[in-house]
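**Student:** got a sequence here, can you model it:
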Amino acid sequence: MKSQWLASLISASLVSLLSGVNLAESQETQETKFICGAWRETPMTVAQTPRGNIPIVYWVSDWVNDSSSDLTPQRRCETVSENFQQAYDRGELQYITTGVKNGQNIVCVAQEENGPCVSQLFTLKPGSDPTESVKQLMNIGDNYASDSGGPLYQSSGAKRLYINFEDFLNQAKQPEP
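**Tutor:** Numbering: from 1, shown residues only. Alright, predicted model coming up:
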C-alpha cells in the first residue's frame, strides 16, 4: 500500500516537474529577441516576436563618424540589435525617442511617455532631423500616429517623437518575401 502511494507521489512530482519545464520553455519562446537579419540583401534589426519577425530598422546608409571606421551597415545592424536586446532585457524598452548626447542626435529608449533617455540605441547622422530620421529608419509614416494613437510627441519646445514600442510591435507590418 505504501509503495503504491509512494509511486503515485513520485509520478505526480515528475508530471509536475516536467510540466513546469514545458511551461518555462513556453514562456521563454514568448520572449522578444532582437537580431540582425536581412531583407532583400539589406541588413535590418529585427524583433523576433510570438507574432513573427518585425523589422525595426533598415540599415542602408554607410554613414559613420570616422571615415577610417569599419562600421558598415552590417556592423551597425549587429551593434544596434545588441543594444535593443540589452535595453529590452533590462526592461527599459517602453518608448523609442530621440535625444542629444555629446552634441549629436541619438535614438534612445525611455521608460515612460515624455521621459528622459535611459539607454542609447544609436547615433544619427549630423544635420538630420531626428523625428524624420526615426520615422524613415523604422519605416513608419504620419499615418502610424492616426492609426494607433502613437507615436506620441512631447509638447514642450520642439516636437520629440515617442513611439510606444509594444504598440509598434503589435501593429507593424511584416515584410513581404
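
**Student:** which one is Leu124 nearest to, not counting chain neighbours?
**Tutor:** Nearest-residue entry for Leu124: Asn105, 4.2 Å, with adjacent residues in sequence omitted and distances by CB to CB, 6 or more residues apart in numbering. Any C-beta I mention is one placed from the backbone N, CA and C, and that applies to glycine too.

**Student:** quick one: contacts for that neighbour?
**Tutor:** By CB atoms under 8 Å, 6 or more residues apart in numbering, the contact set of Asn105 is Thr98, Gly99, Thr123, Leu124, Pro126, Ser128, Pro130, Ser133.

**Student:** mind listing what Cys108 touches?
**Tutor:** Ile96, Thr97, Thr98, Gly99, Lys101, Cys117, Val118, Ser119, Gln120, Leu121.

**Student:** is the second one in a bridge, and if so with what?
**Tutor:** If I follow you right, that is Thr97. Using DSSP bridges, the beta-bridge partners of Thr97 come out as Cys108.

**Student:** okay but it is in contact with Cys117, surely?
**Tutor:** Yes: because the distance of 6.7 Å satisfies CB atoms under 8 Å, Thr97 is recorded as touching Cys117.

**Student:** let me see the confidence value for Ala87.
**Tutor:** Per-residue confidence (pLDDT) for Ala87: 96.

**Student:** then the host helix or strand of it to PDB, C-alphas only?
**Tutor:** Under the assignment given by DSSP states H and E, the secondary-structure element containing Ala87 is helix 73-89. Below are the C-alpha coordinates for helix 73-89, written out as PDB (Å, rounded to 0.1, in the frame of the first residue of the first chain):
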ATOM      1  CA  PRO A  73      25.600  48.900 -42.400                       C
ATOM      2  CA  GLN A  74      26.000  45.200 -41.400                       C
ATOM      3  CA  ARG A  75      28.200  46.100 -38.400                       C
ATOM      4  CA  ARG A  76      25.800  48.900 -37.300                       C
ATOM      5  CA  CYS A  77      22.900  46.400 -37.600                       C
ATOM      6  CA  GLU A  78      24.700  43.900 -35.300                       C
ATOM      7  CA  THR A  79      25.700  46.500 -32.700                       C
ATOM      8  CA  VAL A  80      22.300  48.200 -32.600                       C
ATOM      9  CA  SER A  81      20.400  44.900 -32.500                       C
ATOM     10  CA  GLU A  82      22.500  44.100 -29.400                       C
ATOM     11  CA  ASN A  83      21.600  47.500 -27.900                       C
ATOM     12  CA  PHE A  84      17.900  46.800 -28.500                       C
ATOM     13  CA  GLN A  85      18.300  43.400 -26.800                       C
ATOM     14  CA  GLN A  86      20.100  44.800 -23.800                       C
ATOM     15  CA  ALA A  87      17.500  47.600 -23.300                       C
ATOM     16  CA  TYR A  88      14.700  45.000 -23.600                       C
ATOM     17  CA  ASP A  89      16.300  42.600 -21.200                       C
END
